[in-house]
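Participant: this is a predicted model, with the sequence first.
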Amino acid sequence: MAEKESSPSETSLISNKEETPNGNTFDFKKGVKNLFETSPYMNKLPPEFVLQLERNPLSATLAEIPVIDLSGLNCPSEIRISTIKAISSACELWGFFRITNHGIKMSLIEEMLGVAEEFFDLSLAEKMKYGSEDVMSPVRYGTSLNTSKKHSLHWRDYFRHYGHPFQHSFHLWPEYLEEIWQLAMKLGCAISEGLGLENGYIEKSMGEGLQILAANYYPPCPEPDKTLGLAAHSDHGGLTILMQNGVDGLQIKHNGEWFSVQHVPGTFLVNIGDYLEILSNGKYKSVEHRATVNAQKTRISVAVGHGPELLSPVRPAGPLIDERERIHYRPITYQDYIRLQQSITTRGKNALQAVLINE
Ligand SMILES: O=C(O)CCC(=O)C(=O)O
Ligand SMILES: [Fe+2]
């Protein structure tokens, strides 16, 4: 059963300014970095952030996730085939894996983390210039999940930015987005082959599609066992490529239980999102994941998602469906799917459930 993470206050009105237990008022739309910096002696979590969690999220066991050496994809056919098999089994059993020898330099990863940190260190007024409640805005700064909806708050500020194919702003970023794009295409190609689709099927649909970078900022949190940085969710795209600064906090749901995932510097974590679950007609399942916070250190993560073009329909791949195979998902445009997912503040896999065709 999915863990319930919504608190009763989810349905109650949260005004912009709230009284904290210390008698302070805070404007939650200014974000948690601002709250942390302006309340240095805060030792209790403001009640708006308290989530009803079944278990202490910090007590999860460490997951032993599959590790894929991507250099195998450039090798002679036998090694290439076994690498594709390893990717396909990681997608089927976990929806989540770590990649090594991916070809992206550590200096570029560090540069990207540095740029993300610089952004969050800008003055609030500077950051607020990018504030938007429009979930489709190509550039968006915000906090928690979706502040245009009433929900319990999450201990996170974020900055989202469309990458490919919106090349107009590429020059503002390190080459990171371009290199991650190439990596996603390589993985998409291997996944197509693993699914038995024509060579490059996924690469083609994502190749014309949308890349979204999400930089997440989780400052130290009083009472980190009572809240989350990011609620349990699956990503709306096909493939997400994730990295972080040296501070762990990611958890994934595997066989109904939450596991922590350790990050190994220089590697990336890859997860299957809803688009690939739908495209594979449920053979691969998007993985639910969430972010915990801690009392000591700021955590920064950078997730880059890859999906199809905004107006293209999301549906199971035709070549995977024969007369005997039932279609498990209703078609929907990617844009409508993103809107649907972002409007659900209890997240989990609820958006996917909404397009699932019941027996
Ligand atoms: O912070 C993390 O590790 C997870 C981030 C994430 O899941 C997202 O941005 O979609
Ligand atoms: Fe995610």
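Facilitator: Right, received. Where do you want to start? Ligands and ions are numbered 1, 2, ... in the order given.
Participant: buried stuff in stretch 299-314?
Facilitator: 299-309, 312, 314 (16 or more other Cβ atoms under 10 Å). Bear in mind the C-beta positions are built from the backbone N, C-alpha and C, glycine included.
Participant: between which two of those is the distance greatest?
Facilitator: R299 and S312 (34.0 Å; Cβ to Cβ).
Participant: and stretch 251-262, how far out from the chain's middle?
Facilitator: Relative to the centre of its chain, stretch 251-262 is centred 14 Å away, using Cα atoms, centre = their mean, to the nearest Å.
Participant: show the end-to-end separation of that stretch, please.
Facilitator: One end of stretch 251-262 sits 9 Å from the other (Cα to Cα, to the nearest Å).
Participant: pLDDT weak spots in this structure?
Facilitator: Of all residues in the chain, those with pLDDT under 70 make up the ranges 1-26, 146-151, 167-171, 345, 359.
Participant: residues in the stretch 201-350 of the chain within reach of ligand 1, list them.
Facilitator: A214, N216, L230, D235, L242, Q244, L250, H289, A291, S301, A303 (Cβ under 6 Å from any ligand atom).
Participant: got the buried residues for the lengthiest helix in the chain?
Facilitator: Longest helix of the chain, by residue count under DSSP state H: helix 176-195. Buried residues in helix 176-195, counted by 16+ other Cβ under 10 Å: 176-181, 183-195.
Participant: who does the helix or strand just after it touch, helix- and strand-wise?
Facilitator: Once the chain leaves helix 176-195, the next helix or strand it forms, by DSSP states H and E, is helix 201-207. Here helix 201-207 touches helix 176-195, helix 274-279, going by 3 or more Cβ pairs under 8 Å, 6 or more residues apart in numbering; DSSP states H and E.
Participant: and the angle from the helix or strand following helix 201-207 to helix 176-195?
Facilitator: Scanning forward in sequence from helix 201-207 by DSSP H and E, the next helix or strand is strand 210-218. With axes from the mean of the first three to the mean of the last three Cα atoms, to 10 degrees applied, the angle from strand 210-218 to helix 176-195 works out at 110 degrees.
Participant: dump the C-alpha coordinates for strand 210-218 into CSV.
Facilitator: Taking C-alpha atoms only, strand 210-218 is exported to CSV below (Å, rounded to 0.1, in the frame of the first residue of the first chain):
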residue,chain,number,x,y,z
LEU,A,210,11.9,18.1,-24.0
GLN,A,211,14.7,18.2,-21.5
ILE,A,212,14.0,19.9,-18.1
LEU,A,213,16.7,20.6,-15.6
ALA,A,214,15.6,20.8,-11.9
ALA,A,215,18.1,22.1,-9.4
ASN,A,216,16.9,21.3,-5.9
TYR,A,217,18.1,23.1,-2.7
TYR,A,218,17.5,21.5,0.7
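Participant: centroid-nearest residue for this protein?
Facilitator: D235 (5.2 Å; Cα atoms, centre = their mean).
Participant: tell me the bridge partners for Q211.
Facilitator: Assessed by DSSP bridges, Q211 has beta-bridge partners H306.
Participant: number of nearby residues for it?
Facilitator: By the measure other Cβ atoms under 10 Å, the count of residues near Q211 is 22.
Participant: same check, this time on E175
Facilitator: So E175, with other Cβ under 10 Å, has 13 neighbours.
Participant: now it, nearest residue through space, not along the chain?
Facilitator: Among residues not flanking E175 along the chain, L108 sits closest, at 6.3 Å (Cβ to Cβ, 6 or more residues apart in numbering).
Participant: ok, the one you found - contacts?
Facilitator: Neighbouring residues of L108 by Cβ atoms under 8 Å, 6 or more residues apart in numbering: P174, E175, Y176, E179.
Participant: the third one: what's it in contact with?
Facilitator: Meaning Y176. Taking Cβ under 8 Å, 6+ apart, we find Y176 in contact with I104, L108, I109, E111, M112.
Participant: again with the last one
Facilitator: Counting by Cβ under 8 Å, 6+ apart, E179 touches G103, I104, L108.
Participant: apply 10 Å and report the result again.
Facilitator: Contact partners of E179, counting by Cβ atoms under 10 Å, 6 or more residues apart in numbering, are H102, G103, I104, K105, L108, I109, M112, I241.
Participant: same question for the second one.
Facilitator: Contacts here follow Cβ under 10 Å, 6+ apart; on that basis E175 touches I104, K105, L108, E111, M112.
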